[in-house]
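Visitor: Build me a model from this:
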Amino acid sequence: MDVVFNINKTGKISGFLGFYRIKLDEKNNIDTSHSDNITCWKQSFFPVHKFISVKSNDVIKYQISTHGKISPIHWSYNILLKRGQINFNFT
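Guide: Residues are numbered from 1 along each chain as shown. Predicted coordinates for the structure are as follows:
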């Protein structure tokens, strides 16, 4: 999944807040989104390993994915910071 953030203020990013939907099997799902009325789960914080310094007008592209279909499932992410014509990758 890819999410794009347009930065409007200089600062540091320590992580991302969001929700997820997991399909356990054909009939069962876990959904932590605010749009699911049946959830008891809360939104999740996905920290980065090292703070990312950002400036106004930077663009962050956050890609998150899972690997594996049975336990343990591993998460991975890639962060692309676009600053003018310069790109920085964080994984």
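Visitor: give me the element the residue lying closest to Val4 once chain neighbours are set aside is part of.
Guide: For Val4, the nearest residue in space outside its immediate sequence neighbours is Lys61; the separation is 5.3 Å by CB to CB, 6 or more residues apart in numbering. Using the backbone N, CA and C atoms, a C-beta is placed for each residue, glycine as well. Assessed by DSSP states H and E, Lys61 sits inside strand 59-67.
Visitor: Give me the phi and psi for the residue with the largest distance to the centre of the chain.
Guide: When distances are taken from the C-alpha mean of the chain, Lys27 lies farthest, 25.5 Å away, according to CA atoms, centre = their mean. The phi/psi pair for Lys27 (degrees, to the nearest 10) reads phi -110, psi -20.
Visitor: Bridging across strands, which residues link to the residue nearest to Val4?
Guide: Legend: beta-bridge partners of Lys61 under DSSP bridges are Val4, Leu80.
Visitor: Let me know whether it touches Ile7 as I believe.
Guide: No - Lys61 is not in contact with Ile7 according to CB atoms under 8 Å; the separation is 11.5 Å.
Visitor: which stretches of this protein aren't confidently modelled?
Guide: Along the chain, segments meeting pLDDT under 70 span 34-41, 67-75, 84-91.
Visitor: Lys9 - how many residues pack around it?
Guide: 8 (other CB atoms under 10 Å).
Visitor: For it, give its distance to Leu81.
Guide: In this view, Lys9 and Leu81 are 15 Å apart by CB to CB, to the nearest Å.
Visitor: and what of Asn6?
Guide: Taking CB to CB as the measure, Asn6 and Leu81 are separated by 12 Å.
Visitor: OK, contacts around the closest residue to Gly11 other than its chain neighbours?
Guide: Closest residue to Gly11 in three dimensions, ignoring its sequence neighbours and counting by CB to CB, 6+ apart: Val54, at 6.1 Å. For Val54, the contacting residues are Ile7, Thr10, Gly11, Lys12, Ile13, Ile60, Leu81, by CB atoms under 8 Å, 6 or more residues apart in numbering.
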